[in-house]
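Trainee: return atomic coordinates for the entry below.
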Amino acid sequence: MDLAAIMGILGGAALVVGSIIIAGSSLMAFYDKPSVLLVVGGSIMAAMTAFPFRTLKTLPLVFKKAFLPKPANLEPVIAQLVEYSEIARRDGILALENKLGEVDDPFIMMGLQMAIDGTDAEIIETILRTEIESVSNRHKTGKAMLDTLNKYAPAWGMIGTLVGLVIMLGNMSDPNAIGPGMAVALLTTLYGAIISNMVCAPLGDKLAFFSKKELEVREIVVRGILSIQVGDNPRVLEQKLRTFLPPSARKADEAKAA
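Mentor: Next up is the predicted model:
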């Protein structure tokens, strides 16, 4: 679970609520059903217009991915690939077949299986990179849906503002109608800004960060599988893959080894 995303959204909400309370206003003054209906419903309708339904129905999974990301740790993957390289170097690449049952990552298993089967290195690289491109495209589609909500929520807030102003100006003779009209006019803009800047835009950026890390791990796997397939020295493979680690992690590993 990504605590930073949860704390960020809850912290932002707490700042808004705290500011209202400190200002001495009532929270109920900032709640208006027509405004919520217009902004939330309008944003969802805009997203439905922008994307096919079969794509849009994956939006809950996109939010889940933002809060429950798949860990993308480089060090365990590098250690795993170096271990497979040592086995292949010592006992032959066919010996890796006994290790396939221990592999949890389908991407690593696919690469190892092709290497064991004697598939040409160029074909292995093409297939693995095609898989990476497919994953990248799925990630971009998920982020695009959040970007769409981020774009249209403030727009629907502005539509609500115009609706509220029309209601208010059309009932200037009735003082009781001015308040509800002004509430719709102001609160829809507020709701649109909150949805955009507290939820959709930050989560979209978080998904982009997670996608970058996941694709980085897959790039390490591609290079590791190709090195195992051609029979590179395990130490050379380790040094090659460790270049993906940040300098602080490399120094920590070197100190541990010393």
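
Trainee: please count neighbours and contacts with C-alpha atoms only from this point.
Mentor: Noted.

Trainee: once you drop chain neighbours, what's closest to the most centrally placed residue in the chain?
Mentor: By Cα atoms, centre = their mean, the chain has its centre lying nearest to Leu207, at 1.7 Å. Excluding its sequence neighbours, the residue lying closest to Leu207 (Cα to Cα, 6 or more residues apart in numbering) is Ala66, at 5.8 Å.

Trainee: the residue nearest to the centre of the chain touches Lys143, doesn't it?
Mentor: Yes. Counting by Cα atoms under 8 Å, Leu207 touches Lys143, with 6.5 Å between them.

Trainee: where do the helices sit along the stretch 51-200 of the chain?
Mentor: In the stretch 51-200 of the chain, the segments counted as helices under DSSP state H, counting those that start in this stretch are 53-56, 59-67, 74-91, 106-116, 121-170, 175-194.

Trainee: what residues does the last one touch?
Mentor: Helix 175-194 is touched from outside by 30-32, 34-36, 38-39, 153-158, 160-169, 171-172, with contacts defined as Cα atoms under 8 Å, 6 or more residues apart in numbering.

Trainee: same check, this time on the shortest one
Mentor: Contacts made with helix 53-56 from outside it, assessed by Cα under 8 Å, 6+ apart, are listed as 47-48, 145.

Trainee: repeat for the fourth one
Mentor: Here helix 106-116 makes contact (Cα under 8 Å, 6+ apart) with 93-94, 96-97, 100, 103, 121, 124, 128, 218, 221-222, 225-226, 228-229.

Trainee: and those residues, which is closest to Gly18?
Mentor: Arg218 (43.5 Å; Cα to Cα).

Trainee: against Gly11, how distant is Val17?
Mentor: Using Cα to Cα, to the nearest Å, one obtains 10 Å as the distance from Val17 to Gly11.

Trainee: next: Ile195.
Mentor: In this view, Ile195 and Gly11 are 14 Å apart by Cα to Cα.
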